[in-house]
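# show me how the following folds:
(one chain, ligands or ions: 1)
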Amino acid sequence: MNYDDKIKNFVDEKNRDYDLFLFELRKFAGENNIPIVSNEVAGFLSLILDLKKPKKILELGCAVGYSSILMSRFLDKNGIIFSIDISEKMIELAKKNFDLAKITCVELIKGDIKNVLPGLILNGQKFDFIFMDCAKGQYVNILPFCLDLLNLNGIILADDIFQNGNILKKRLEVPRRQRTIYTRMNNFINSIFENKNLESKIFNIGDGVIVSKKIL
Ligand SMILES: C[S@@+](CC[C@H](N)C(=O)[O-])C[C@H]1O[C@@H](n2cnc3c(N)ncnc32)[C@H](O)[C@@H]1O
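The predicted model follows:
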């Protein structure tokens, strides 16, 4: 095992779930090839939420509900999470897991994020924290909606932005089938850093994370 792998395992072990329910849910997701937030990003997410204590969270990509359950622990009193997923199967699994974990503060929305977000804007919804964890090729398209939905001083955390290191390659070095997502992710990173309404920082955590605060 090389140094990088040893460090990765060490970090993973230190950030492991101490909560038995989340530990079992992570195991279930792993056994069923359902991607969920890494232990490292989960630790970082928890830290930010603990400092922020949001009242309203918007989650883009719920899957089995792992990150919703994690985030629910840091909500302010009477807080709520809106969590969107396109997959009927994921919505059913998340529902079951919220019941088992006795979580009542998550409102699940089944649908394609790009169709759901305009509706939330029309309804006048505003959020203190947005966790972007859906199809990575969508990030650049949904960013303007997220900005509309975010309160001043609100935070966006976007996960998996390095695309396993592809992001640093030249376009022609990236396998052909991954080039669209490569271009879109680069556009997303540029737009989020160029946006004058946001103050953004990038972190080498998990497969890359951007944290942006709405300052204007
Ligand atoms: C990485 S998983 C989310 C993991 C979850 N946040 C966690 O850490 O527990 C991504 C999820 O996004 C959903 N998804 C992908 N594209 C979507 C879209 N356009 N609209 C809604 N959901 C989408 C997928 O069905 C999948 O369940």
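# what sits against T180?
Going by CB atoms under 8 Å, 6 or more residues apart in numbering, T180 touches G137. In this view, the C-beta of every residue, glycine as well, is placed from N, C-alpha and C.
# pretty sure it is in a helix, no?
Yes - judged by DSSP: H, G, I helix; E, B strand; the rest coil, T180 forms part of a helix.
# tell me the helices and strands packed up against the one helix or strand in the chain whose mean pLDDT sits lowest.
Lowest on mean pLDDT, DSSP states H and E among the helices and strands of the chain sits helix 3-14, with a mean of 92. If you count contacts as 3 or more CB pairs under 8 Å, 6 or more residues apart in numbering; DSSP states H and E, helix 3-14 packs onto helix 39-52.
# touching the ligand at all, the helix it packs on?
No - Helix 39-52 is not in contact with the ligand by CB under 6 Å from any ligand atom; minimum separation 7.6 Å.
# pull out the buried residues from the least confident helix or strand of the chain.
The neighbour-count check on helix 3-14 (16 or more other CB atoms under 10 Å) flags V11 as buried.
# anything in the helix or strand following that helix near the ligand?
Moving toward the C-terminus from helix 3-14, the next helix or strand (DSSP states H and E) is helix 20-31. No - judged by CB under 6 Å from any ligand atom, helix 20-31 and the ligand are separated, with a smallest distance of 7.1 Å.
# just the CA trace of helix 20-31, in CSV.
Presented in CSV, the C-alpha positions along helix 20-31 are these (Å, rounded to 0.1, in the frame of the first residue of the first chain):
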residue,chain,number,x,y,z
LEU,A,20,-24.9,2.4,14.3
PHE,A,21,-27.8,3.2,12.0
LEU,A,22,-25.6,5.3,9.6
PHE,A,23,-22.9,2.6,9.9
GLU,A,24,-25.3,-0.1,8.7
LEU,A,25,-26.8,2.2,6.0
ARG,A,26,-23.3,2.9,4.6
LYS,A,27,-22.7,-0.9,4.6
PHE,A,28,-26.0,-1.5,2.7
ALA,A,29,-25.1,1.2,0.2
GLY,A,30,-21.7,-0.3,-0.4
GLU,A,31,-23.0,-3.8,-0.8
